[in-house]
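>>> Provide a 3D model corresponding to the input given below.
(chains A and B)
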Amino acid sequence: AQSVTQLDSQVPVFEEAPVELRCNYSSSVSVYLFWYVQYPNQGLQLLLKYLSGSTLVKGINGFEAEFNKSQTSFHLRKPSVHISDTAEYFCAVSEGNAGNMLTFGGGTRLMVKP
Amino acid sequence: DTGVSQNPRHKITKRGQNVTFRCDPISEHNRLYWYRQTLGQGPEFLTYFQNEAQLEKSRLLSDRFSAERPKGSFSTLEIQRTEQGDSAMYLCASSFDRINSPLHFGNGTRLTVT
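Numbering: from 1, shown residues only, chains lettered A, B, ... in the order given. Predicted coordinates for the structure are as follows:
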């Protein structure tokens, strides 16, 4: 069975500082990896996805993530955050079967301070 | 593309009552998913449909939970004899039936059982 661990439940950071949100997964087969963002009172929005190919994936709003198979990680990064990036971020994994069913991590709340 | 629509946005009910939520997916999508999200947690997969066929329902939380998608378009999720532990955000998502096609989420229905 697959699982996703987001070690940091909250990450406070000052505006314009860099940030990394950590994600580790476990699976016995090849996986597809996703990051979603959830703003208050809104649904989840896809930030980026890793399917195959280049291990560095760029997404919307200046975010990027790097797939590291040996460390089973898919950490999300942004070089300079804005107040508007304050939200909950979820890492998710799919084994590509069961109808692309996603298994989510517990989420990381990014709090950007002025 | 009007996005995934969920109704109602909020539902307050008394313990023991039945509730039904509706989800209208993106019209071109033939897969539809239901997830549950409790406070401070990531979304938890419940069930999914491909067109009108419910292909995975073993993750439904109990036999009080049921879902339908009778014509392969909108879907309903029903909870019978609600309990306080059912209080959560219920999320619907849809996607194409291609492998690794990303899920598009609605804004959810927040259920409060008193």
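>>> So, low pLDDT: which residues of the chain?
With no chain named, the answer covers chain A. Within chain A, the ranges that satisfy pLDDT under 70 run A:96-99.
>>> oops, chain B please
B:1.
>>> where does it come near chain A, residue by residue?
Taking CB under 8 Å from any CB of the partner chain as the contact definition, chain B meets chain A at B:4, B:31, B:33, B:40-45, B:48, B:50, B:55-56, B:91, B:93, B:95, B:97, B:99-108. From N, CA and C alone the C-beta is placed, and that goes for glycine too.
>>> Would you list the buried entries among these?
Neighbour counting by 16 or more other CB atoms under 10 Å in any protein chain shown classes B:4, B:31, B:33, B:42-45, B:48, B:50, B:56, B:91, B:93, B:95, B:100-108 among the residues of chain B next to chain A as buried.
>>> so who does the residue in chain A positioned nearest to chain B touch?
Nearest residue of chain A to chain B (CB to the nearest CB) works out as A:Phe104 at 3.3 Å. Neighbour list for A:Phe104: A:4, A:36, A:90-92, B:42-44 [criterion: CB atoms under 8 Å, 6 or more residues apart in numbering or on different chains].
>>> Also A:Tyr25?
A:2-5, A:31, A:33, A:72-74, A:91, A:93.
>>> A:Val13 should be in a helix, yeah?
No. A:Val13 sits outside any helix when classified using DSSP: H, G, I helix; E, B strand; the rest coil, being strand.
>>> Can you get me a residue count around it?
17 (other CB atoms under 10 Å in any protein chain shown).
>>> Run through the bridge partners of the residue lying closest to it once chain neighbours are set aside.
The shortest distance from A:Val13 to any non-neighbouring residue, by CB to CB, 6 or more residues apart in numbering or on different chains, is to A:Val19 (4.9 Å). When assigned by DSSP bridges, A:Val19 has beta-bridge partners A:Lys78.
>>> A:Val19 contacts A:Pro12, doesn't it?
No. Under the criterion of CB atoms under 8 Å, A:Val19 is not in contact with A:Pro12, lying 9.7 Å apart.
>>> Now residue 114: closest residue in space, sequence neighbours ignored.
Just so you know, I chose chain A. Using CB to CB, 6+ apart and skipping the chain neighbours, the partner closest in space to A:Pro114 is A:Glu15 (5.4 Å).
>>> Oops, wrong one, chain B.
B:Lys14 (5.6 Å).
>>> Quick check: the one you found vs chain A, distance?
Going from B:Lys14 to chain A by CB to the nearest CB, to the nearest Å gives 24 Å.
>>> Give the full set of residues in contact with that residue.
B:Lys14 touches B:82, B:113-114, counting by CB under 8 Å, 6+ apart.
>>> For those residues, give me TSV that also has neighbour count.
Below are the contacts of B:Lys14 laid out as TSV (neighbours: other CB atoms under 10 Å in any protein chain shown):
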residue	neighbour count
B:Thr82	21
B:Val113	19
B:Thr114	10
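>>> sorry, back to before: can you list the contacts of A:Phe104 in CSV and add secondary structure and distance to B:Asp24?
Shown next, in CSV, are the contacts of A:Phe104 (DSSP: H, G, I helix; E, B strand; the rest coil; distance: CB to CB, whole Å):
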residue, secondary structure, distance to B:Asp24
A:Val4, strand, 29
A:Tyr36, strand, 20
A:Phe90, strand, 23
A:Cys91, strand, 28
A:Ala92, strand, 23
B:Gly42, coil, 24
B:Pro43, coil, 19
B:Glu44, strand, 22
